[in-house]
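Novice: Test case, fold it:
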Amino acid sequence: MTDQPAGPMLDALGVTLDLDEGQQLTEAFVIGKVSDFESGGTGLVLGTSEGLDWIGQRGLLDAARYTLDHVGVQEA
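Specialist: Predicted coordinates:
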């Protein structure tokens, strides 16, 4: 397993962020489903921005879960 930049893979999947003027992404916690086409298996991969510790990861994950459960996310 080798580290690979997430940007090109997320771009290829059509991932976008809805940011307003003056907003800038400062931290990221990426969760992805991976498929192994040789074995037919699937797995989970996690990636974080540099310097994001496990407490920050947990906070972003909980905030995302709350948003999905209670606030909702608009489709692009």
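Novice: pLDDT score for the nearest residue to Ser35 once chain neighbours are set aside?
Specialist: Using C-beta to C-beta, 6 or more residues apart in numbering and skipping the chain neighbours, the partner closest in space to Ser35 is Thr42 (5.3 Å). Heads up, the C-betas are built off the backbone N, CA and C, glycines and all. pLDDT for Thr42: 96.
Novice: From Tyr66, how far out is Thr42?
Specialist: Relative to Tyr66, Thr42 is positioned 26 Å away (C-beta to C-beta, to the nearest Å).
Novice: can you check Lys33 too?
Specialist: In terms of C-beta to C-beta, Lys33 sits 22 Å off from Tyr66.
Novice: Work out for me the element Val30 sits within.
Specialist: If you go by DSSP states H and E, Val30 is part of strand 29-35.
Novice: Pairing partners for that strand, with directions?
Specialist: strand 42-48 (antiparallel) (DSSP bridges).
Novice: mind listing what's buried in the strand it pairs with?
Specialist: Across strand 42-48, burial judged by 16 or more other C-beta atoms under 10 Å covers Gly47, Thr48.
Novice: quick one: low-confidence parts of this protein?
Specialist: 73-76 (pLDDT under 70).
Novice: Skip the chain neighbours and tell me the closest residue to the residue nearest the centre of it.
Specialist: Closest residue to the average C-alpha location of the chain: Val30 at 2.2 Å, with C-alpha atoms, centre = their mean. In space, and not counting its chain neighbours, Val30 is closest to Gly47: 4.2 Å by C-beta to C-beta, 6+ apart.
Novice: tell me the contacts of the one you found?
Specialist: Ala6, Ala28, Phe29, Val30, Gly32 (C-beta atoms under 8 Å, 6 or more residues apart in numbering).
Novice: Measure how buried Val15 is and give me the count.
Specialist: 13 (other C-beta atoms under 10 Å).
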